[in-house]
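Novice: Give me a 3D structure for the following:
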Amino acid sequence: MTEWSDEEATAEAEMHEGAILDVPASDYTWTYVKAFPISKVVAEGGGGDPDEWIEWVESEDAMRRDEDLGAVLGSTDSLESVFLEDPTRMPVVVSEEREGYVLWDGHHRTGIAHKLGFKTIPAIVGTRKRENNPEELSQLKRRLMR
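Specialist: Numbers count the residues shown, from 1 in each chain. This next block holds a predicted model:
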């Protein structure tokens with residue numbers, strides 16, 4: 001899937017509810033962004049040192065390619081090769097919080113994209129409903145497209 005409706009984006013976000021934040025997905029308005037800047041999660045969103053992302057994803061990839069562990073995981077394909085098959089297939093899920101963006105799902109995809117030098121990645125982006133109004137949503141979409 002290369003484009004997501006707001007309803008599909010909301011359904012996907014709800015699948016990851018509670019994984020990172022103790023905030024229900026229903027507290028957000030979810031929208032699909034085709035080209036979300038990776039730097040908003042990796043560097044600006046409290047994601048730590050960008051080089052640490054690369055180290056982490058390389059160690060995760062090595063575990064996945066291990067024959068024994070790969071059998072348990074169901075695949076020994078590298079994360080990189082799986083991602084490169086179709087980098088737009090599955091968007092990451094992020095929410096905009098006061099302190100920056102929080103990644104709910106897609107840590108491996110974000111890490112691989114960052115390692116490969118991608119500047120953007122498809123994302124489902126949530127903004128808190130209590131903070132939403134039509135002008136803010138319009139401004140958010142313009143900011144995300146930069």
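
Novice: Next, please give the residue ranges for the helices of the chain.
Specialist: Counting by DSSP state H, the chain has helices at residues 6-15, 39-42, 50-65, 67-73, 79-85, 107-115, 134-144.

Novice: Now the residue nearest the centre of the chain: closest residue in space, sequence neighbours ignored.
Specialist: Residue closest to the mean C-alpha point of the chain, counted by CA atoms, centre = their mean, is Val92 at 2.6 Å. Spatial nearest neighbour of Val92, chain neighbours left out: Gly106 (2.8 Å); criterion: CB to CB, 6 or more residues apart in numbering. C-beta coordinates here come from the backbone N, C-alpha and C atoms, glycine included.

Novice: Wait, that neighbour touches Met90, no?
Specialist: Yes. Using CB atoms under 8 Å, Gly106 is in contact with Met90, at 7.4 Å.

Novice: Among these two, which residue is more densely surrounded?
Specialist: Neighbours were counted for Gly106 and for Met90 using other CB atoms under 10 Å; Gly106 has more, 21 against 16.

Novice: residues in contact with the more buried one?
Specialist: 90-94, 121, 123 (CB atoms under 8 Å, 6 or more residues apart in numbering).

Novice: Below-threshold pLDDT in this protein: ranges please.
Specialist: 1-2, 17-21, 43-48, 65-77, 130-146 (pLDDT under 70).

Novice: before we move on, the earlier item: quick one, what contacts the residue nearest to the centre of the chain?
Specialist: For Val92, counting by CB under 8 Å, 6+ apart, the contacting residues are 36, 41, 103, 105-106, 109-110, 121-124.

Novice: go again using 10 Å as the cut-off
Specialist: Contact analysis of Val92 by CB atoms under 10 Å, 6 or more residues apart in numbering lists 16, 33, 36, 38, 41, 101, 103-110, 113, 121-125.

Novice: Among the residues you listed, name the ones in strands.
Specialist: Judged by DSSP state E, strands contain the following of those: 33, 36, 101, 103-105, 121-125.
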